[in-house]
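J.: would you be able to build a 3D model of this:
(4 chains)
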Protein chains: 2
Amino acid sequence: MRQHGQVQHERTTSERTPPRGAYHHGDLRNALSAAAAELAREGGPEAVVLREAARRVGVSPTAAYRHFANHADLLKAVKHEALADLADALAAAVAKADADADDADAADADADQHRSPGAADGGGGQQRTRAQARARARLSAIGHGYVDFALSAPGLFRTAFCHSGTADGTPTEPEPFDLGTERAYRVLVDVLDSMLAAGLIAPARRPGAEITAWAMVHGLTTLLLDGPIRDLPEADRRRMVDDATATLAAGLAASTGPGSGSGAGA
Amino acid sequence: MRQHGQVQHERTTSERTPPRGAYHHGDLRNALSAAAAELAREGGPEAVVLREAARRVGVSPTAAYRHFANHADLLKAVKHEALADLADALAAAVAKADADADDADAADADADQHRSPGAADGGGGQQRTRAQARARARLSAIGHGYVDFALSAPGLFRTAFCHSGTADGTPTEPEPFDLGTERAYRVLVDVLDSMLAAGLIAPARRPGAEITAWAMVHGLTTLLLDGPIRDLPEADRRRMVDDATATLAAGLAASTGPGSGSGAGA
DNA sequence: CTAGGATGTTCACGCCGTAAACATCTATCG
DNA sequence: CGATAGATGTTTACGGCGTGAACATCCTAG
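T.: As a prediction, the model looks like this:
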């Protein structure tokens, strides 16, 4: 879980923001959304219950209405937090893949030096292979990171993607999903860009690849979490993720332009 | 919506209809689940409210407890119904694609006959192309059918895939998703089999292809319905579906075995 | 120092899921 | 054929939820 929200309001009496006089909480909004996020982590979106969050914070139920318009508003805050957590997890997974690749390259270079110090050409050809391996590893990392996050914090993941629209006529408020503002999305864009640069994506397929890739990984996660293949042994699950990202990578690499592979239907 | 549930139980007094016959209401269980399904269609899983369903059927709230263990049980029935509706839509979409292909083939044959009655070899080569075009069209059809169903009945779709597990400790009852019993799944298997037969899927990628394909289409649907690209103009949406199924088809066709395309991560 | 806004509390209402006790209907058995 | 037991539906009641209204308290600007 992200650290903020637990700020706990410093006890240094001389501070400017010290109203710990019990009546005024000091940071109720954050405290409430943190409590609500914890509820979401424990039980998913349905467990995000305003009164319980207030109870945990030690405040009366209606106090929440000074900081959130209503229950949906509180839930929206939790969704933001959950999405941010996901973005953190993805970024960390990709960073780790990069670090691992660095290590591997360093080891290779070391071995090279010891074995054939003056070998010609060996470097150039490897350069490209290395960039490709790196890019592939990043795709795999983001896929596994996505799935791992969802399975390690299912309630939070479900909350991040739960439907907000209050079906009874409310005008479908804009979800907290500003494609482009969203960090998770940018991590993905970055990974796809590196794949394109490494020649692993056919340029014609680059546009729209974010959606295709996201769809594949998100759908797989959904199926693994709540769908027909939930409760799969870890080994099988990892293989499914590998299969799916491999098929995805192969599809993105294929040079046949989009639209020629299907679309023959009326 | 599927027709059953509205069966309205015949009034012929002489009927045997022993198990779920007409006692008081006649067919309360079906009436309730139909009303609940209508609620789901109108407002998604959260709108499935036991008391409202009872109200619509004209019965007291607690009457439902003679036919459903609790609210979750009622919701499960609705999920089954929603899944069945989805299966119907997919089967219909694939059937339509096949019918269209038949028409096209017939037209081609007609044209051929008029143009070059005795052309040698033309048939053999076309045979394979036709099978491939057919299989591709089927994949496209199932993808569009899936998305179209979700967008035309969003509440029902969300209900079909909503999480049931009552987070507060209940032992994760088995969802109504008996992969293999589920008709929607078998429609997909059928489509993938025809693609394999037409040589559109590398045999090494056939295992697990159901999940990969389902994941792609389901994920895309989720993103289009509640995700970052909801409210997309129809034309763009159709293009996204075409892109995604094209990339999927290309990925399944690629001969590089699964696992070589990624999986370089730790 | 004081007035007013921000923050939190108490009380109240209607809706929900659901348990318990009671009423009614229907099929079956003596 | 009439009694009886079980299936079906109703009434009543309880606690929990989201939320509005009126009231209390605190903090800060004038």
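J.: DNA strand C versus A:Leu39, what's the distance?
T.: A:Leu39 is 18 Å from DNA strand C, where distance means Cβ to the nearest atom of the strand, to the nearest Å. C-beta coordinates here come from the backbone N, C-alpha and C atoms, glycine included.
J.: so who does that residue touch?
T.: A:47-49, A:52-53, A:56 (Cβ atoms under 8 Å, 6 or more residues apart in numbering or on different chains).
J.: do the same with A:Ala215
T.: Residues in contact with A:Ala215 (Cβ under 8 Å, 6+ apart) are B:215-217, B:219-220, B:222-223, B:244.
J.: now, which of the contacts of A:Leu39 lie within helices?
T.: A:52-53, A:56 (DSSP state H).
J.: in these, which residue is surrounded by the most others?
T.: Of all these, the most densely surrounded is A:Ala53 (26 neighbours; neighbours counted as other Cβ atoms under 10 Å in any protein chain shown).
J.: I'd assumed A:Ser60 was in contact with that one.
T.: No: with contacts counted by Cβ atoms under 8 Å, A:Ala53 stays clear of A:Ser60, the gap being 11.7 Å.
J.: before we move on, which element is A:Ser129 in?
T.: I think there's a mix-up here, since residue A:129 is Thr and not Ser. Here A:Thr129 sits within helix A:122-152, counting by DSSP states H and E.
J.: do A:Leu252 as well
T.: Counting by DSSP H and E, A:Leu252 is part of helix A:234-253.
J.: and that helix, what does it pack onto?
T.: When contacts are defined as 3 or more Cβ pairs under 8 Å, 6 or more residues apart in numbering or on different chains; DSSP states H and E, helix A:234-253 sits against helix A:122-152, helix A:209-225, helix B:209-225, helix B:234-253.
J.: okay if I get those as JSON lines plus mean pLDDT?
T.: Below are the helices and strands packed on helix A:234-253 laid out as JSON lines (pLDDT from 0 to 100):
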{"stretch": "helix A:122-152", "mean pLDDT": "90"}
{"stretch": "helix A:209-225", "mean pLDDT": "97"}
{"stretch": "helix B:209-225", "mean pLDDT": "97"}
{"stretch": "helix B:234-253", "mean pLDDT": "97"}
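J.: look up how far A:Ala244 lies from A:Arg238.
T.: As judged by Cβ to Cβ, to the nearest Å, A:Arg238 and A:Ala244 stand 11 Å apart.
J.: helix, strand, or coil at A:Tyr23?
T.: Assigned state for A:Tyr23: coil (three-state reduction, DSSP: H, G, I helix; E, B strand; the rest coil).
J.: got a pLDDT number for it?
T.: pLDDT, A:Tyr23: 70.
J.: likewise for the one 3 residues further on?
T.: A:Gly26 carries a pLDDT score of 82 in this model.
J.: count the neighbours of it for me.
T.: A:Gly26, neighbours per other Cβ under 10 Å, totals 16.
J.: give me the element it is part of.
T.: Short version, using DSSP H and E: A:Gly26 is in no helix or strand.
J.: pop out the phi and psi values for it.
T.: Torsion angles at A:Gly26 (phi, psi; degrees, to the nearest 10) stand at phi 110, psi -40.
J.: for A:His67, same thing?
T.: Main-chain dihedrals, A:His67, degrees, to the nearest 10: phi -130, psi -20.
J.: for A:Gly58, phi and psi?
T.: According to degrees, to the nearest 10, A:Gly58 has phi 80, psi 40.
J.: could the ones in helices among the contacts of A:Leu39 go into TSV alongside pLDDT?
T.: Converted to TSV, the ones in helices among the contacts of A:Leu39 look like this (pLDDT from 0 to 100):
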residue	pLDDT
A:Glu52	98
A:Ala53	98
A:Arg56	98
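J.: just the buried positions in stretch A:63-70, please.
T.: A:64, A:67-68 (16 or more other Cβ atoms under 10 Å in any protein chain shown).
J.: thinking again about what came up before, looking at A:Arg238 and A:Ala244, which one has more neighbours?
T.: Counted by other Cβ under 10 Å, A:Arg238 and A:Ala244 do not tie: A:Ala244 has more neighbours, with 29 against 15.
J.: against A:Gly219, how distant is that one?
T.: Counting by Cβ to Cβ, the gap between A:Ala244 and A:Gly219 amounts to 9 Å.
J.: which ones are touching A:His25?
T.: Listed by Cβ under 8 Å, 6+ apart, the contact set of A:His25 reads A:31, A:57, A:59, A:63.
J.: now name the helix or strand holding the first one.
T.: Translated: A:Ala31. Residue-wise, A:Ala31 maps onto helix A:28-43 under DSSP H and E.
J.: which residues of the stretch 1-150 of chain A score low on pLDDT?
T.: For the stretch 1-150 of chain A, the stretches with pLDDT under 70 are A:1-22, A:108-125.
J.: swap the cut-off to 80 and go again
T.: Applying pLDDT under 80 to the stretch 1-150 of chain A flags the ranges A:1-24, A:105-128.
J.: return the residues of it in contact with DNA strand D.
T.: A:19, A:21, A:23-24, A:49-52, A:61-62, A:65, A:70-72 (Cβ under 7 Å from any atom of the strand).
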